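**Q** Provide a 3D model corresponding to the input given below.
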Amino acid sequence: MLIEPLDTGARPAVPHALQPLAPTARAAGLFVLLSALLMPAAAAELVVRVGGLATAEGQVGCALFSGPEGFPMDNGRASQQWQPARVTGVSCRFEGLTAGRYAVAVSHDLNGNHRIDTRLFGIPAEPWGVSNNVRPALRAPRFDEAAFALGAEQALTLDIQVAR
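**A** From the prediction side, this is the model:
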């Protein structure tokens, strides 16, 4: 004898996870997904505080290098900022940086030509400094000597003293 199920007209129960989302839930999910995709990647920030300025004459230039090419004199290969000189000091802020190794070169441009003027044999005629306050006696500092690591979401402050 074959028993047939009784047709009550009721639909079989669908597990909750398989039920379609309500329109408001779909919109909220889409908003969260788009927000995550459009958010900027975590960025680091660097503040360079420059001290040792003997005069408020001229400008102070901060050059941020992401590699050894051009360091420390070729500012064209660096991200640059120029600030009016103040005897109390100057700050340069670099935002939106990616994690990596960087070095900073700073100059007190006394005559406004936006470069470090040099004397015989390339010796700087204007006050200068680099990150880690490296000052070799008979040569320019190397990138590796002045380099520092910057993390993905790190906020770092460097103090650099300029001198001749």
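**Q** low-scoring stretches of this structure, by residue?
**A** Within the chain, the segments meeting pLDDT under 70 span 1-41.
**Q** Which residue lies nearest the spatial centre of it?
**A** Geometric centre of the chain, nearest residue: Leu97, 2.0 Å, by C-alpha atoms, centre = their mean.
**Q** burial count for the nearest residue to that residue once chain neighbours are set aside?
**A** What sits nearest to Leu97 in space, not counting adjacent residues and going by C-beta to C-beta, 6 or more residues apart in numbering, is Ala44, at 4.3 Å. Using the backbone N, CA and C atoms, a C-beta is placed for each residue, glycine as well. Look at Ala44: counted by other C-beta atoms under 10 Å, it has 19 neighbours.
**Q** Leu150 is in contact with Ala44, correct?
**A** Yes: Ala44 is in contact with Leu150 according to C-beta atoms under 8 Å; the separation is 4.9 Å.
**Q** okay, and the common contacts of these two?
**A** 97, 99, 156 (C-beta atoms under 8 Å, 6 or more residues apart in numbering).
**Q** how deep is the residue nearest to Gly51 when sequence neighbours are not counted tucked in, by neighbour count?
**A** Ranked by C-beta to C-beta, 6+ apart and with sequence neighbours excluded, the top spatial neighbour of Gly51 is Gly89, at 4.8 Å. If you count neighbours by other C-beta under 10 Å, Gly89 ends up with 16.
**Q** just the one 4 residues further on next, same as before
**A** Residues near Arg93, counting by other C-beta under 10 Å, number 12.
**Q** Arg115 too?
**A** 14.
**Q** My guess is it contacts His108. True?
**A** No: contact criterion C-beta under 8 Å: Arg115 and His108 do not qualify, at 11.8 Å.
**Q** the helices in this structure, which residues?
**A** Using DSSP state H, the helices found in the chain span residues 23-38, 143-146.
**Q** List the contacts of the residue lying closest to Gly96 once chain neighbours are set aside.
**A** Closest residue to Gly96 apart from its sequence neighbours, by C-beta to C-beta, 6+ apart: Ala43 at 4.5 Å. Residues near Ala43 by C-beta under 8 Å, 6+ apart: 95-98, 152-153.
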